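Student: curious how this folds, go ahead:
(4 chains)
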Number of protein chains: 2
Amino acid sequence: MTDPAILTLQDSPLARKLSAFVRLAPADLLAVSDLHRRRRKFAVGSEMIYQGQTDQVAFVLASGWACSYKILPGGTRQIVDFQLPGDFLGLRSVLFRTSDHNVEPITPVQASEVTQRDLLSVFASTPRLAAAVLWAASRDEAMVVEHLVDLGRRSAAERMAHFLLELNARLRLVGMADRKGFACPLSQYLLADALGLSAVHVNRVLRELREEGLVTFQKGQVTFDDYDGLVEAASFDRAYLDHDGPLLI
Amino acid sequence: MTDPAILTLQDSPLARKLSAFVRLAPADLLAVSDLHRRRRKFAVGSEMIYQGQTDQVAFVLASGWACSYKILPGGTRQIVDFQLPGDFLGLRSVLFRTSDHNVEPITPVQASEVTQRDLLSVFASTPRLAAAVLWAASRDEAMVVEHLVDLGRRSAAERMAHFLLELNARLRLVGMADRKGFACPLSQYLLADALGLSAVHVNRVLRELREEGLVTFQKGQVTFDDYDGLVEAASFDRAYLDHDGPLLI
DNA sequence: CGCCTCATTGACTAATCTCAAATGGAGTGG
DNA sequence: CCACTCCATTTGAGATTAGTCAATGAGGCG
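Tutor: Residues are numbered from 1 along each chain as shown, chains lettered A, B, ... in the order given. Next up, the predicted model:
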């Protein structure tokens, strides 16, 4: 079939994710692995990107989870999105001078620094890969919009169900989940800050969903007890994750 | 001072808005006015862009207000953003095949169709203008994020105050508002769908803000009775609207 | 063991929604 | 000009949802 060396290259989460969108040629895979030079580690509690930062640096997550959030004057915070292995982070702050939000690790993280120069060279040399990166960026934007809809018009239980299904779909792309469930390092406090709820209410909602036989989230493990039922309860339509790719380039 | 012909060119909302970011040269202004060929009109109730649409078309609003939204299975809807004169709309659906939301006029609208070809030619020929367009797109994205924070972590009154202040800031850029207030064609139903509230509650919140002497919204007119007080009540920090421009290009 | 943090539960409170009805313009046809 | 309709706004009352405060468990770790 394929050259074993290529198979190795294909084994980064980013490569797996992008492969789900376009068939990447060996040259493209080489370029992907090239983005993974300059590997760095971040401990929980450190900051990867912070509000007002003026460097032009982005990362690709190789392993671990992170979250991007904004802090409000009152001290509360809103998590805008979670970053999973294979996701970019701070892509916009490479293009624009200052970041308007923070990003920090949820688990220990390994990430590769990507500079503006790296990105431009990828765009110039491997158009298919560039298209795939744009696709990924656009998907991230669509997720933020869907998240906004969550907060505006869905009940706490729907939000939770929808969120867990979205995480599942994203993790499947990088081989970290299947229809049964996935390992999830998020505390109920993090869920609360992402879903616009209190931690106490998150706990109650999770209990409800569990007692209804839909999904169990315990000890860092999400288990779908009734996948179709959960999709139904969340009115989850994954179209926003599956949009077509860019025409440009 | 400046050539009168240039002054005329400068008089589109888009030109005014972009001028607030970069000093546009005459050639740039010409390119802007060139984007305004192919003028079209849309009546209230028509659709400018719809979910699943596969054309690659975007618009620049010349006059009138529009809104982009998503409809949920239950029939409720969430407005993601409003488009004001000078704003792009569907910029992403030029780059990506399908749109994942709808856009429709709130008032009668005049808009100019912008094709992928137009956009690419602008990017190739007038780099400063291209930078300004990217800046505008990035600002729009930052607004969606701020909107998400609104829905997740601010009370109804804070949300409303924040929203009115944001609208004000945006309209000022195109000369349609000042510190005193602005004309606003939004019904309380539209406000409700944007802020994730019921129309009834929107009404009550507006009454509260009025009785506290902060802001009056009646008969299509928003009047800031106490601008600084409102900024305080909303903990409005316009940094997200003022971010620096793109480095690229 | 003692000290964390996170999860869990109960009782009470506050915010917001829903239902229902009244009000008030703006336009329309007679 | 008037009667009528349509639609947005306004207000009240009661129901629901979610938040707050407080206490208790349960597991991990020095």
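
Student: so what pairs up with the residue sitting nearest the centre point of chain A in the strands?
Tutor: Here the mean C-alpha position of chain A is nearest to the C-alpha of residue A:83 (CA atoms, centre = their mean), at a distance of 3.5 Å. In this entry, residue A:83 is beta-bridged to residue A:66, by DSSP bridges.

Student: isn't it up against residue A:69?
Tutor: No: between residue A:83 and residue A:69 there is no contact under CB atoms under 8 Å: 11.1 Å. Glycine gets a C-beta too; all of them are placed from N, C-alpha and C.

Student: now the common contact residues for these two.
Tutor: residue A:103 (CB atoms under 8 Å, 6 or more residues apart in numbering or on different chains).

Student: all strands of chain A, in order?
Tutor: For chain A, the strands defined by DSSP state E cover A:39-42, A:57-63, A:66-71, A:77-83, A:88-89, A:102-105, A:109-115, A:177-178, A:181-183, A:215-218, A:221-224.

Student: tell me what the second one is packed against?
Tutor: Applying 3 or more CB pairs under 8 Å, 6 or more residues apart in numbering or on different chains; DSSP states H and E, one finds that strand A:57-63 contacts helix A:13-19, strand A:88-89, helix A:91-95, strand A:109-115.

Student: mind listing what the closest residue to DNA strand D within chain A touches?
Tutor: Here chain A gets closest to DNA strand D at one residue, residue A:201, 3.0 Å apart by CB to the nearest atom of the strand. Taking CB under 8 Å, 6+ apart, we find residue A:201 in contact with A:156, A:192.

Student: what's the spacing between it and residue B:82?
Tutor: Distance, residue A:201 to residue B:82, by CB to CB, to the nearest Å: 30 Å.

Student: likewise residue A:26?
Tutor: Plainly put, residue A:26 is 47 Å away from residue B:82 if you go by CB to CB.

Student: which of these two has more neighbours?
Tutor: residue B:82 (22 against 13; other CB atoms under 10 Å in any protein chain shown).

Student: correct me, but that one touches residue B:191?
Tutor: No: using CB under 8 Å, residue B:82 is not in contact with residue B:191, being 10.1 Å away.

Student: separation between residue A:214 and residue B:181?
Tutor: For residue A:214, the distance to residue B:181 - CB to CB - is 48 Å.

Student: now residue A:116
Tutor: In terms of CB to CB, residue A:116 sits 42 Å off from residue B:181.

Student: and for residue A:137?
Tutor: Going from residue A:137 to residue B:181 by CB to CB gives 37 Å.

Student: more neighbours, the two?
Tutor: Shown here are residue A:137 and residue B:181; by other CB under 10 Å, residue B:181 has more neighbours (19 against 14).

Student: pLDDT at the nearest residue to that one once chain neighbours are set aside, what is it?
Tutor: Nearest non-adjacent residue to residue B:181, counting by CB to CB, 6 or more residues apart in numbering or on different chains: residue B:223, 4.1 Å away. Note for residue B:223: predicted pLDDT of 96.

Student: neighbours of the residue nearest to residue A:239 when sequence neighbours are not counted, just the number please.
Tutor: Closest residue to residue A:239 apart from its sequence neighbours, by CB to CB, 6+ apart: residue B:100 at 6.8 Å. Neighbour count for residue B:100, taken as other CB under 10 Å: 21.

Student: wait, isn't residue B:100 in contact with residue A:242?
Tutor: No: counting by CB under 8 Å, residue B:100 stays clear of residue A:242, with 9.8 Å between them.

Student: distance of the residue nearest to residue A:239 relative to residue A:210?
Tutor: Taking CB to CB, one finds residue B:100 at 31 Å from residue A:210.

Student: before we move on, back to that, what pLDDT does the model give the residue nearest to the centre of chain A?
Tutor: Here, the pLDDT recorded for residue A:83 equals 97.

Student: show me the contacts for it.
Tutor: Applying CB under 8 Å, 6+ apart, the residues near residue A:83 are A:61, A:65-68, A:89, A:103.

Student: repeat for residue A:118
Tutor: A:34-35 are the contacts of residue A:118 under CB under 8 Å, 6+ apart.

Student: need the pLDDT of it.
Tutor: In this model, residue A:118 is scored at 86, pLDDT.

Student: what's stretch A:150-161 in contact with?
Tutor: With CB under 8 Å, 6+ apart, stretch A:150-161 has contacts from A:162-163, A:191, A:195-197, A:201-202, A:205-206, A:208-209, A:214-215, A:230, A:233-236, B:72, B:76-78, B:148, B:151-152, B:195-196.

Student: let's have the strands of chain A in a markdown table, adding distance to DNA strand D.
Tutor: Below are the strands of chain A laid out as a markdown table (distance: least, CB to the nearest atom of the strand, whole Å):
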| stretch | distance to DNA strand D |
| --- | --- |
| strand A:39-42 | 18 |
| strand A:57-63 | 18 |
| strand A:66-71 | 16 |
| strand A:77-83 | 12 |
| strand A:88-89 | 26 |
| strand A:102-105 | 16 |
| strand A:109-115 | 18 |
| strand A:177-178 | 22 |
| strand A:181-183 | 14 |
| strand A:215-218 | 10 |
| strand A:221-224 | 12 |
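
Student: any chance of those strands in CSV, with distance to residue B:15 too?
Tutor: Converted to CSV, these look like this (distance: least, CB to CB, whole Å):
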stretch, distance to residue B:15
strand A:39-42, 43
strand A:57-63, 32
strand A:66-71, 32
strand A:77-83, 32
strand A:88-89, 33
strand A:102-105, 35
strand A:109-115, 34
strand A:177-178, 49
strand A:181-183, 50
strand A:215-218, 52
strand A:221-224, 51
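
Student: out of those strands, the one nearest residue A:33 is which?
Tutor: strand A:109-115 (9.7 Å; CB to CB).

Student: can you list the strands that that closest one pairs with?
Tutor: Here strand A:109-115 has these sheet partners by DSSP bridges: strand A:39-42 (antiparallel), strand A:57-63 (antiparallel).

Student: nearest to residue B:31 among those strands would be which one?
Tutor: Using CB to CB, the strands paired with strand A:109-115 put strand A:57-63 closest to residue B:31, at 29.8 Å.

Student: and the closest one with strand A:66-71, angle?
Tutor: 130 degrees (axes from the mean of the first three to the mean of the last three CA atoms, to 10 degrees).

Student: and the contacts of strand A:57-63?
Tutor: Contacts for strand A:57-63 (CB under 8 Å, 6+ apart): A:12-14, A:35-36, A:39-40, A:48-49, A:83-91, A:93-94, A:109-115, A:119.

Student: quick check: mean pLDDT of it?
Tutor: The model assigns strand A:57-63 a mean pLDDT of 92.

Student: would you put the C-alpha positions of that strand in CSV?
Tutor: Provided in CSV are the C-alpha atoms of strand A:57-63 (Å, rounded to 0.1, in the frame of the first residue of the first chain):
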residue,chain,number,x,y,z
VAL,A,57,3.0,33.2,17.5
ALA,A,58,0.7,30.3,17.0
PHE,A,59,0.8,26.7,18.0
VAL,A,60,-0.4,23.3,16.7
LEU,A,61,-1.4,21.0,19.6
ALA,A,62,0.4,17.7,19.4
SER,A,63,-0.9,16.3,22.6
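
Student: which parts of that strand are buried?
Tutor: Going by neighbour count (16 or more other CB atoms under 10 Å in any protein chain shown), the buried part of strand A:57-63 is A:57-63.

Student: just list the residues touching residue A:15, thanks.
Tutor: A:9, A:24, A:29, A:32-33.
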